[in-house]
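Student: missing the sequence, but the structure's below:
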């Protein structure tokens, strides 16, 4: 499940994929709102990975 943490890394690492001005959202160029959109996406992915982990059992 931890492989999900690679998704934002790949999505934000490849800059030519989102290095555009159009389409705009609320006046923000695509370059900016694409990166801002990853903030809640990363939070959700981290939460999912955290919830899938089993707690360590201490003796």
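Tutor: Now that the structure is in, tell me what you want to look at. Everything numeric in this text was worked out from a predicted model, so none of it was measured.
Student: all helices for this protein, in order.
Tutor: Ranges of helices within the chain are 6-13, 30-52, based on DSSP state H.
Student: in the longest one, what's buried?
Tutor: Looking back up the chat, that one is helix 30-52. Neighbour-count burial for helix 30-52 flags 33, 34, 38, 42, 45 (criterion: 16 or more other Cβ atoms under 10 Å). For every residue, glycine as well, the C-beta is placed using N, CA and C.
Student: Redo those as a markdown table? Include pLDDT and distance to residue 18.
Tutor: Formatted as a markdown table, the buried residues of helix 30-52 follow (pLDDT from 0 to 100; distance: Cβ to Cβ, whole Å):
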| residue | pLDDT | distance to residue 18 |
| --- | --- | --- |
| 33 | 89 | 9 |
| 34 | 91 | 4 |
| 38 | 94 | 10 |
| 42 | 95 | 15 |
| 45 | 94 | 18 |
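Student: Just put the residues you listed in CSV and tack on distance to residue 8.
Tutor: Formatted as CSV, the buried residues of helix 30-52 follow (distance: Cβ to Cβ, whole Å):
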residue, distance to residue 8
33, 15
34, 12
38, 5
42, 5
45, 7
